[in-house]
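Undergrad: When you get a sec, could you give me coordinates for this:
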Amino acid sequence: MAARFDLKDAREMLGKPFATVRESLEDGGEYRGQARYEGLEGVEQVYNKEKFAGREYGRDGRVEVIYVPGGSALADTTVKELSSGMKGKGKEMRSRAGKEFTHVVYAEEGLAFSAEGDELGFVEVFRPRPLKQYLEDIYRDPGPFTR
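TA: Residues are numbered from 1 along each chain as shown. Just a heads-up that it's a prediction; the model follows:
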């Protein structure tokens, strides 16, 4: 059975050295030494959906971002639950998850997610940073959606 997303666990994962995370997830999972996640280039990626819900991306020996895809990993997570623990209102932007989805970013708290109503398309947990830095380092505008 695939692991379920837990924000507390993901934040703890950010504090661990990438080598430790890789060692704990690589057995039975997948590892890529030269990967990319949105604006982050030259990162390593490790993923084992049976042990942890997200894909971990690391650089310079530390976990930089965790991407959790929609579906069963996020089935027990709600938009309200994610938003309620944040300070203020998140920055709303276009989402690569689809035309009807909104990407909500709490950059200084290290959380972003894409949702359509209560449906989560994906979640990102990352090292907190100013919004401007998130937009430069991680986010990629999908551009306008056309039919």
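
Undergrad: I'd assumed residue 145 was in contact with residue 99.
TA: Yes: at 3.9 Å, residue 99 counts as touching residue 145 under the criterion of Cβ atoms under 8 Å. From N, CA and C alone the C-beta is placed, and that goes for glycine too.

Undergrad: Would you agree residue 114 falls within a strand?
TA: Yes: counting by DSSP: H, G, I helix; E, B strand; the rest coil, residue 114 is located in a strand.

Undergrad: Helix or strand: which one has the residue nearest to the spatial centre of the chain?
TA: Nearest to the mean C-alpha position of the chain, by Cα atoms, centre = their mean, lies residue 124 at 1.9 Å. If you go by DSSP states H and E, residue 124 is part of strand 119-126.

Undergrad: Give the pairing partners of that strand; include direction for each.
TA: Strand pairing for strand 119-126, determined by DSSP bridges: strand 62-69 (antiparallel), strand 111-116 (antiparallel).

Undergrad: From start to finish, how long is stretch 117-131 in a straight line?
TA: 23 Å (Cα to Cα, to the nearest Å).

Undergrad: Please work out the average pLDDT along it.
TA: When pLDDT is averaged along stretch 117-131, the result is 94.
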